[in-house]
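Asks: Any chance you could fold what I've pasted below:
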Amino acid sequence: MASTAPADVNAGRFGSGHSVRRIEDPTLVAGTGRYVDDVSLPGQLHLVMLRSPYPHARILSIDTSAALAIPGVVAVYTGADLVAAGVKTMPTPCPFPRPDGKPSAVAPLQALATDTVRFAGEAVAAIVAETRDAARDARDAIAVDYEDLPSVVTLADALADGAPRVWEPAGDNWVAQAKHGDAAASDAAFARAAHVVELHLVNQRVAAVAMEPRGVLAYPDAESGRLTLRLSSQMPSGSRDTIADALGLAKDQVRVVVGDVGGGFGMKTGAYQDDIVVGFAARTLGRPVKWAAERGEEFLVGRAGRDCESRAALALDADGKVLALRIRTDANVGAYATTTGVVIQLLIGPWVSTSIYEVPVIDFDLRAVMTHTAPVGAYRGAGRPEAIYIIERLMDAAARKTGIDPAELRLRNMLRPEQMPYKNPMGQTYDTGNFPSIAKQGLALADWSGFESRAAQSKARGKLRGRGLATFLEWTGGNQFEERVTVDVSADGFIEIYTATQAMGQGIATSYAQLAVDVFGVPIERVRIVQGDTDRGVGFGSAGSRSLFTGGSAVRVASQRTIEQAKDLAADALEASAKDIEYREGSFSIVGTDRRIGLFELAAKQSERRVYVDSTSTVSGPTWPNGCHVCEVEVDPDTGEVDVVSYASVNDVGRVVNPTIVVGQLDGGAVQGLGQALCEQVVYDRESGQLLTGTLSDYALPRADLVRAFRTELDQSVP
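Replies: Coordinates of the predicted model:
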């Protein structure tokens, strides 16, 4: 359970709007954080996975006898062992039919493969030993007899006639299809268009590469029969529910605890097969069991993102106004189509496909495809970057074809403030936004009109200079708009706030504490933010850009409700009417008098020496952050080396709680985007199906010197 309670991070009372130094950092910088692998328990065992070297193979036999004979080995489990013990497959419901109209059909997702492996790295056995080294030795001693089968790792190969099937009962490699819009109206718009542009776009697979690989420490309670798991997770409650279901336990028999998390980016949403295996082993053996992923395992099986190919077209009239948008996308969702992996590409991304533009008609045909690769899931942005990439590339192509300046073309098509609220063709309603204002500010910050002069200077140095522009929209909330928060004002002088959202290194605790300071008016060091314990409270967790939007709003509401409840208590203590009580900066007083009682003094007078509020609140719907980003690069024509020489952005993210944290998040997201644009790609060998980018030596992450100076501004003028 992560708790932040620094003694003297800031002198003074810093609420929202201030760049308060992160209250998480003193602990983390000092190396006293509590990540999963930092925790060890008496009698703890170690678990390692044996993973398939084949992308597609039939498991003929598994001989574990030699492994069991190694000193220190306690148990070896196969998929058959787990099935015999009643461990269930993981749920992978899909809300969309296949292209033939039949319900989606995907292979059952088992904790350990039983008869067939479907991607290189799928786990086939788990070894539990007294030491990690003994478990690794035993892993090498297991003899698995595989029958190698043909595999497909690319979309083209998976969709070819006679392609090897990932899940034989499906009959082909289609998973699901979703269609949106009006095909007939779109066809009519394209027929009358003065200009049509078409593009074939590839959004390659990228790995999340969180600083901290996943880990699990599971331990049973012999007396209660409960199972506790310490995870590196963004969604403790959802993970608990999946693990409990797989192990045949009631939800209240499983507790998930999350300490510090070294990055998530979406890949730590929900439970993995590994979590279920570790929980099973701990419960079966009656001892604590720990598994810590190696970096290579994360590349093999950690949820990657993106991986889709689109054929997109834009129809425009003679003045450059958009008439219709047509998109055909095939998304590679891997060997096991998870609900998240499918919904991101077939629904969530499309919600923002028209972005900040007025697009009268859409025609989307989106399909999910199985291949012999690891399953994909959420990765930062979860579908929205893919959708924005399509519309922005089309805008650039249209600008080239029409001869209209790329910025001017975008401005001509932007929705205006007087059109708000606006329902886009996907049925999503934008509540507010002044997109032209943000765009014009971004263009001015980047000195858009001065580009030709800079390009000439670059040319004089023997370099080519190029620029990119993106004006875009984001969607927040994860469609989970309810959040529960508890507030505990204690007699010892602290306000403890618990929420089921989960920090992953993005400064959420600091932002929540600032929101609490807004209401309570006490020094920020008096506020403790606690997260990551399903016994304290359950909720959706952190995904879909909802933590500060939904969780922060809930913290603010819960704090206000605490003050209102405490006013009644203060009225009793001061022998006055509650309507005559006012609260200011840590004290209640009777209006017009000097009679007062401090917040913590009031807590001390209660029978439990605290004021406690359990609050559930709901926000009305998603919000739509937006921005304008302009990037300029120099390219060495002899070597191809790309140098990012300028990156300017203006962003409307709504109310800014902590400017430094927000700018850090924006800049970090930009670096991840630059990483995908310039160097990142998960690559499988087409012939062998093997992962070629399975180490940090092979997978090219962006480095710190990629961008030397961001210019990042925030606009809070729109409510």
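Asks: Spatially nearest residue to Val557, not counting backbone neighbours?
Replies: Ser617 (4.1 Å; C-beta to C-beta, 6 or more residues apart in numbering). All C-beta atoms are positioned from the backbone trio N, CA, C, and that covers glycine.
Asks: Now that we're looking at the one you found, what pLDDT does it have?
Replies: pLDDT for Ser617: 89.
Asks: count of neighbours near it?
Replies: 18 (other C-beta atoms under 10 Å).
Asks: On the three-state scheme, it is what?
Replies: Three-state call for Ser617 (DSSP: H, G, I helix; E, B strand; the rest coil): strand.
Asks: wait, what's in contact with it?
Replies: Neighbouring residues of Ser617 by C-beta atoms under 8 Å, 6 or more residues apart in numbering: Glu482, Glu483, Val485, Ser553, Ala554, Val557, Ala558.
Asks: Looking at those residues, which is nearest Tyr430?
Replies: Nearest to Tyr430 among those: Ser553, at 18.7 Å, using C-beta to C-beta.
Asks: The closest one and Val485 touch, don't they?
Replies: No: taking contacts as C-beta atoms under 8 Å, Ser553 lies outside contact range of Val485: 9.5 Å.
Asks: higher neighbour count, those two?
Replies: Neighbours were counted for Ser553 and for Val485 using other C-beta under 10 Å; Val485 has more, 29 against 18.
Asks: Please tell me how far the more buried one sits from Gly270.
Replies: Noted for Val485: a distance of 22 Å to Gly270, by C-beta to C-beta, to the nearest Å.
Asks: And the most centrally placed residue in the chain, how far from Pro385?
Replies: Centroid check for the chain by C-alpha atoms, centre = their mean gives Gly266 as the closest residue, at 2.4 Å. Distance of Gly266 to Pro385, computed by C-beta to C-beta: 11 Å.
Asks: Over to Gly302?
Replies: Taken as C-beta to C-beta, the span from Gly302 to Pro385 is 19 Å.
Asks: do Phe481 as well
Replies: From Phe481 to Pro385 the distance is 23 Å (C-beta to C-beta).
Asks: isn't Asp145 right up against Tyr54?
Replies: No: applying C-beta under 8 Å as the test, Asp145 and Tyr54 come out as separate, 11.5 Å apart.
Asks: which of these two has more neighbours?
Replies: Neighbour comparison, Asp145 and Tyr54: the larger count goes to Tyr54, with 25 against 11 (by other C-beta under 10 Å).
Asks: Distance-wise, check the more buried one relative to Leu325.
Replies: Using C-beta to C-beta, Tyr54 is found at 41 Å from Leu325.
Asks: what does Lys567 give?
Replies: Distance, Lys567 to Leu325, by C-beta to C-beta: 54 Å.
Asks: neighbour-wise, which of the two wins?
Replies: A side-by-side neighbour count of Lys567 and Leu325, using other C-beta under 10 Å, places Leu325 first with 26 against 18.
Asks: Can you give the distance from the helix or strand where the more buried one lies to the centre of its chain?
Replies: Using DSSP states H and E, Leu325 maps to strand 322-334. Relative to the centre of its chain, strand 322-334 is centred 22 Å away, using C-alpha atoms, centre = their mean, to the nearest Å.
Asks: One more: stretch 684-702?
Replies: Its chain's average C-alpha position is 23 Å from that of stretch 684-702, according to C-alpha atoms, centre = their mean.
Asks: Out of the helices and strands in this structure, which is least certain?
Replies: In the chain, the helix or strand scored least confidently by mean pLDDT, DSSP states H and E is strand 2-4, which has a mean of 42.
Asks: Pull out the buried positions in whichever helix or strand comes after it.
Replies: Tracing the chain C-terminally past strand 2-4 and defining elements by DSSP H and E, one meets helix 25-29 next. The neighbour-count check on helix 25-29 (16 or more other C-beta atoms under 10 Å) flags Thr27, Leu28 as buried.
Asks: And for stretch 588-603?
Replies: Within stretch 588-603, the residues that count as buried by 16+ other C-beta under 10 Å are Phe588, Ser589, Ile590, Arg596, Ile597, Leu599, Phe600, Glu601, Leu602, Ala603.
Asks: Flag the shaky bits of this structure, pLDDT-wise.
Replies: 1-13 (pLDDT under 70).
Asks: which helices and strands does the lengthiest helix in it pack with?
Replies: Using DSSP state H, we find that the single longest helix of the chain is helix 553-574. Identification of packing neighbours for helix 553-574 by 3 or more C-beta pairs under 8 Å, 6 or more residues apart in numbering; DSSP states H and E yields strand 482-490, strand 495-499, helix 508-520, strand 581-584, strand 587-590, strand 596-598, helix 599-604, strand 610-618.
Asks: got the angle for that helix vs strand 495-499?
Replies: Between helix 553-574 and strand 495-499, the angle comes out at 140 degrees (axes from the mean of the first three to the mean of the last three C-alpha atoms, to 10 degrees).
Asks: Which positions within helix 553-574 qualify as buried?
Replies: For helix 553-574, the neighbour count (16+ other C-beta under 10 Å) marks 553-563, 565-567, 569-571, 573-574 as buried.
Asks: Repeat that for stretch 87-95.
Replies: Result for stretch 87-95 [16+ other C-beta under 10 Å]: buried residues Val87, Lys88, Thr89, Met90, Thr92, Cys94.
Asks: what do you get for stretch 307-327?
Replies: For stretch 307-327, the neighbour count (16+ other C-beta under 10 Å) marks 307-310, 312-316, 320-327 as buried.
Asks: And for stretch 397-407?
Replies: If you call a residue buried by 16+ other C-beta under 10 Å, then stretch 397-407 has these buried ones: Ala397, Ala398, Ala399, Thr402, Ile404, Pro406, Ala407.
Asks: Just flag the most distant two among those.
Replies: Maximum pairwise distance among those (C-beta to C-beta): 14.8 Å, between Ala397 and Ala407.
Asks: packing partners for the helix or strand containing Gly341?
Replies: Assigned by DSSP H and E, Gly341 belongs to helix 339-343. Other elements packing on helix 339-343 under the criterion 3+ C-beta pairs under 8 Å, 6+ apart are strand 322-334.
Asks: Look up how far Glu212 lies from the residue lying closest to Val261 once chain neighbours are set aside.
Replies: Excluding the flanking residues, the one nearest Val261 by C-beta to C-beta, 6+ apart is Met504, at 4.5 Å. Applying C-beta to C-beta, the value for Met504 to Glu212 is 9 Å.
Asks: got any residues that touch both of the two?
Replies: In contact with both Met504 and Glu212: Val261, Gly262, Gly263, using C-beta under 8 Å, 6+ apart.
Asks: For Gly521, grab the count of nearby residues.
Replies: Gly521 has 16 neighbouring residues, counting by other C-beta under 10 Å.
Asks: Skipping adjacent residues, who's closest to it in space?
Replies: Glu585 (3.8 Å).
Asks: same deal with Arg132?
Replies: Nearest non-adjacent residue to Arg132 (C-beta to C-beta, 6+ apart): His46, at 4.2 Å.
Asks: go on, Met90?
Replies: Excluding the flanking residues, the one nearest Met90 by C-beta to C-beta, 6+ apart is Leu109, at 4.3 Å.
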